[in-house]
Structure formats: C-alpha cells, structure tokens
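Colleague: Here is the input, now give the coordinates:
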Amino acid sequence: MKYYLIGISGIGMSALAFMLKDLGYEVIGSTKEKNYICSLLEENGIKVIYGHKEDNITKDIDFVVYSSAIKKDHIELKRAKRLSLALLHRSDLLKDLINLHKKNILVTGTHGKTTTTSLISYIFYKAKRNFSSYIGGLVDFLNKKNAILDKSFEMIICEADESDKSFLKYNPYYTVITNIDEDHLDFYLSKENIKKTFLKFINSTNTFGKIFLSLENSFLDENFLKNIKRKFVYISKDFNEKLLSNKYLDYILSYQQKNKEIYLYKNNKLLFSYKLNLPGKHNILNSILAAAVALENNIPISTIKEAFLNFKNAKRRLEVIFKDENMDITLIDDYAHHPKELQATFEALLELFKNKNIFVIFQPHRYSRFYKLQNDFLKVLEKYKKYINIFITDVYSAGESLKEFNINIKEIAEKLNIKYITHPNQIPIKPSSVYASIGAGDIYKWLLELKQKILLRKF
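Modeller: Reported below is the predicted structural model:
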C-alpha cells in the first residue's frame, strides 16, 4: 500500500508517516518548504517532495491523507478527487492506528498534551514495556522522532487533538485530561460548547477503563465532575473530602511541593515523593497525571521516580537550542501560544534563570486566537514586562487572513510599552542573558539567526 501525506512535515502528519513506515508501507508526501522534520523523514526512508503540485498525485497512490489545515481547493486534494483516490483525514488514519491496539491511553486538553504524552511514554520506555506512541513533539528516547509503532499492538499512548473535535472519533480506554480552557474559539464559538465536547469525549471512555483529570488551570469548576459517568481519578493541589461522595470517583491525588521535592498523596495518605526534571508549576500536574496512569498499569514506583528525574522534554518545550559559555548566553525555544501557556513559560524562565537578563521574542499564533483572547494576552504581557524584556512580532497567520480581524501589533506594543520588532537584527545581544523565542509558528528561525550572530560575534 502507498500513502501520500499532504503537508508531511507537520508535527501530526510526520508522526503518522513514521508509524506507517514502521508498519512496512510505502510513505511519500509533500511540504511547502524544508524544515528540521524533513531531514528526519528522509533519514527514515520517507520521500519528501518540496512544493505542492498537481503532478505529485499519481494513480498508484492508495490513500491520500490530509489534515484540517488543508483547504478544499488545495491543488493536490483536487487532483486526488479527480483520480477518485481514497481520501483519509488525519484523524481517521490515526483512529485506524489506535484501533489496531488492545488498549490505548489518550491524552487531551488545551495545554500540556505533548509534555504529558511524552512523560507517560518515557515511563513505559524506562519500564521496558511494549508500546506505540504518537506525540506532538520530537523526543530523544524515540530516536528523536515523534512516533513509534510496536507490532505487539498491546498499548498505544497518543495525543488526541481537541482543536477541531476530531478526538470524538476515538474510543479511549484510559482518558487523560490535562486541563480544559478557552481556545480554538473560532471553531467552538463558546465556553459551553468546549465544555460539552470535552464531557462527551470523557463519557465515551471504555466502561472498563478510567479517566485521569485535573481542573486546575481550567475555566471549569468542580460541578463539572458531577457529569462524569465513568470511573475517574481526580488530581488537585488540595485534598477535597467532599468529592469522595461521588460514586464514580476512584480516588483523589493531592500534592505538596517542598523545595525541589514533590509529595504525592492518595486520599490524603502519602504515596511517594519524587524530583522532577522539568520547571514550572504546570508540569507538576502533568507529572502526576503521568504517574497515575503508570501506577494503573502496574509500573513500579521506582521506575516512575527514575523517569521523572531523567526526563528530557520534547522539542520546542523550553528547548535549549544553544549555549555560549564565554558570553554566558543561552538560547531557548518554546511552543507556547495561549495566554496561560505564555504565563507558564514566563514563570518557568524566571524560575530557571533567576539572576539573568531574560529576553523573550513572542510571536502570536493565528489572528483568530489573538483577537478573541487579546485581553488575556495583554494581561500576561503587562504583568511580566516588569521582569522580562519582551519583544513582540507580527502574528503568524497559519493560513488565516488579517482582513477578518482588527489587529495592529505595533499599536498594541506601544500601548503596553514593549518593543515591536520585524527582524532579529533588532534584538540586542548582551552577555549573561537568556533569549527565548515563544510561539507555535516559525519564530524559532529567528533564534537560529541569533545563534549565528553570536557564533560569528557580529553584534
């Protein structure tokens, strides 16, 4: 069988490509321009075509795979339809791959999916378990890839995308909810629709399975838990004895942080403590979700603790790109693109680099997101400009049109008294400093230009 993936260098599509390759199928795909994933695909025997052209789609292709980012009038999609080739949405192919396995762990939520999926996968890896994995970021322990397919088909650990409701196609056995927040309002339109959709996903969990969730960093309150009709584990900073009356509650995991040690309690009794090789309060919750899933699958506590101590996060999650020891400069890249993610990244940077000058280059992602969450973005930027040197760039459109939205980044920057920039040359290079590119677009390329300037001492 021959699969053709439109936009193969995207993080979700490339993961599918790796899994199809592991199954022994011929995989080919196209991309607009070369990025760091293209080289990885080619190293793994997957052909990448640069440029979307009608001639790329040939009659010998069995399945043409596309994502929600591909518009109906895309030249390759139109050609595939004319040739009557079988078309598969990315989520439908992922569903087929999930259903090959006896059990699955599906991780969803507005923030933290990639980190939590990576943590769970790494614990299984350290425990020497058979597992497949589909992750929204490249990780070292999967040979720097974002997916692997294990032919025992025992278990798959998988990110489930909530952005377009495609996660409703899946049949979760273990459901992991990192948080539920306002995002993708261009699609959902309201908080109530987000709430209803997540609840529908949660209640589609296998009746013999289990749900692991936290409502911290979410817009929901505990009333949401009353609508869950499957066995669930609840994670919270504080132990709430009232929740024990809920017949679907299995147990509560609460925690305390003392210095750099996290103490985990099950129904208010100490379970174990551990150290986590990840900064930020948000990652404590991600790690507890991962620990709960691991314990449910009979992975020893000693293995979980070792995994947390040695874990290295996925690419573009506070990823250290470069260090110059002579000038004491560190370059960091992060994928944050929601107000709460931006705040969490700011907090993590301040925690990691207490005595350094911190420079952040923030690139908003999608006009629709920035427009609808503008007040929340401005509050975060206003709060942290006191501690961090913030530069803001134009919005990364991700295919959207500015005409639909009244956004002027330059005016916003002037109002906030932060710096609006259009080129990396406008960023001053100073010793004893940290530079972080933040955003889900292509802002990491600016960081690579800064790296070259530092290496060549051209500043």
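
Colleague: so where's the stretch 101-250 of the chain uncertain?
Modeller: Scanning the stretch 101-250 of the chain for pLDDT under 70 picks out 183-189.

Colleague: in it, which spans are strands?
Modeller: 103-108, 132-134, 147-148, 155-159, 174-177, 210-214, 232-236, 249-258 (DSSP state E, counting those that start in this stretch).

Colleague: what does the stretch 251-400 of the chain give?
Modeller: Going by DSSP E, counting those that start in this stretch, the stretch 251-400 of the chain shows strands at 261-266, 269-275, 319-324, 329-334, 357-362, 389-392.

Colleague: buried sites along the first one?
Modeller: Neighbour-count burial for strand 261-266, counted by 16 or more other C-beta atoms under 10 Å, picks out I262, L264, Y265, K266. C-beta: built from backbone N, CA, C; applies to glycine.

Colleague: which pair in the residues you listed spans the largest distance?
Modeller: Farthest pair in those (C-beta to C-beta) is I262 and K266. Separation: 13.7 Å.

Colleague: Could you measure from the residue positioned nearest the centre of the chain over to Q426?
Modeller: Geometric centre of the chain, nearest residue: T114, 3.7 Å, by C-alpha atoms, centre = their mean. Separation of T114 from Q426 (C-beta to C-beta, to the nearest Å) stands at 30 Å.

Colleague: do the same with E241
Modeller: Between E241 and Q426 the distance is 55 Å, computed by C-beta to C-beta.

Colleague: and if you look at I28?
Modeller: I28 is 40 Å from Q426, by C-beta to C-beta.

Colleague: So between the two, which is more surrounded?
Modeller: I28 (18 against 13; other C-beta atoms under 10 Å).

Colleague: does that one sit in a helix, a strand or a coil?
Modeller: strand (DSSP: H, G, I helix; E, B strand; the rest coil).

Colleague: number of nearby residues for the nearest residue to it once chain neighbours are set aside?
Modeller: Distances taken as C-beta to C-beta, 6 or more residues apart in numbering place K47 nearest to I28, at 4.4 Å, with adjacent residues excluded. K47: 14 surrounding residues under other C-beta under 10 Å.

Colleague: K47 reaches K21, doesn't it?
Modeller: No: taking C-beta atoms under 8 Å as the definition, K47 is not a contact partner of K21, at 10.7 Å.

Colleague: Tell me how the chain divides into domains.
Modeller: Here the domain parsing of the chain from automatic domain parsing is 2-91, 100-310, 319-456.

Colleague: Using JSON lines, lay out the strands of the stretch 251-400 of the chain together with mean pLDDT and distance to T178.
Modeller: Output for the strands of the stretch 251-400 of the chain, formatted as JSON lines (pLDDT from 0 to 100; distance: least, C-beta to C-beta, whole Å):
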{"stretch": "strand 261-266", "mean pLDDT": "96", "distance to T178": "17"}
{"stretch": "strand 269-275", "mean pLDDT": "96", "distance to T178": "19"}
{"stretch": "strand 319-324", "mean pLDDT": "89", "distance to T178": "19"}
{"stretch": "strand 329-334", "mean pLDDT": "94", "distance to T178": "17"}
{"stretch": "strand 357-362", "mean pLDDT": "95", "distance to T178": "22"}
{"stretch": "strand 389-392", "mean pLDDT": "96", "distance to T178": "26"}
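
Colleague: And those: which comes nearest K231?
Modeller: strand 261-266 (15.1 Å).

Colleague: hmm, who's touching that closest one?
Modeller: 239, 251-257, 270-276, 284, 287-288, 291 (C-beta atoms under 8 Å, 6 or more residues apart in numbering).
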